[in-house]
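Novice: the amino acid sequence is not available; the structure is as follows:
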């Protein structure tokens, strides 16, 4: 049984954060564990309140996992503060954990800030050098690199800049691309660029796409997949999840975490 640990915030609406990660791990047959960094009062309309954990509480959760169960891959999501980022980075070093997936969660779908400004520097200094892969969307990549990203060449340049911070692999997601018919994710493995393109789905029900995508990569790395194969599975998983998304609530509804596996089972029966 492969294991995956998510260190992230809770989404009371169930579409993103810890809840999305654990659902994804389960669908991909990986045993999921969690360390909560914050509790949010959140639904499809947005984030209404954020209650961060203390750094000590986060560390103790990680230690409880590390001293007993261990893990084959780690994903970080919403870390909220510089103090928490530094504490998490120290524990990752202490346990010598590999397969570290960093989803630099900064802004919620509704626009609420999920990362304090001073935490950006801590993320770049302490966490990114430990990362196997970072999975920013375009606005997050712009914050981390200090550049505007509009074209494919901009994505390439941003990916190289992020690798220069110590990250082994970079995935810049295409959900914010200006192309209205397609969405293209770029993977830079430190040497080569790879592109994953899918048909853009016209829907507002995309809550939790970033969390889910990075959780797939985490689960696949835990199972021994290459970074290319992990990203490829992530792209297919999230495409199915968006295409079969749910119109739940009055805002941005969640994606469908069981769509990928359901399609696979249906194909196997044909």
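Specialist: Sure, I can see it. In this text, all values refer to a predicted model and were calculated from it rather than measured experimentally.

Novice: how about residue 76, what does it touch?
Specialist: 6-8, 88, 100-103, 127 (C-beta atoms under 8 Å, 6 or more residues apart in numbering). Glycine gets a C-beta too; all of them are placed from N, C-alpha and C.

Novice: cutoff 7 Å now
Specialist: When contacts are counted by C-beta atoms under 7 Å, 6 or more residues apart in numbering, residue 76 is found next to 7-8, 88, 102-103, 127.

Novice: only the buried subset of these, as a PyMOL command please.
Specialist: Per 16 or more other C-beta atoms under 10 Å, the buried members of the contacts of residue 76 correspond to this PyMOL selection:
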select buried, resi 7+8+88+102+103+127
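
Novice: format the contacts of residue 76 as CSV; extra columns: distance to residue 33 and pLDDT.
Specialist: Below are those laid out as CSV (distance: C-beta to C-beta, whole Å; pLDDT from 0 to 100):
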residue, distance to residue 33, pLDDT
7, 10, 98
8, 12, 97
88, 14, 98
102, 17, 98
103, 17, 97
127, 19, 96
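
Novice: would you turn the contacts of residue 76 into TSV with secondary structure and distance to residue 139?
Specialist: Listed next are the contacts of residue 76 as TSV, based on DSSP: H, G, I helix; E, B strand; the rest coil; distance: C-beta to C-beta, whole Å:
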residue	secondary structure	distance to residue 139
7	strand	22
8	strand	19
88	helix	23
102	strand	16
103	coil	13
127	helix	19
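
Novice: which of the contacts of residue 76 lies closest to residue 1?
Specialist: Nearest to residue 1 among the contacts of residue 76: residue 7, at 20.0 Å, using C-beta to C-beta.

Novice: surely the closest one touches residue 91?
Specialist: No. With contact defined as C-beta atoms under 7 Å, residue 7 does not count as touching residue 91 (8.8 Å).

Novice: what residues are shared contacts of the two?
Specialist: Shared contacts of residue 7 and residue 91, counting by C-beta under 7 Å, 6+ apart, come down to residue 62.
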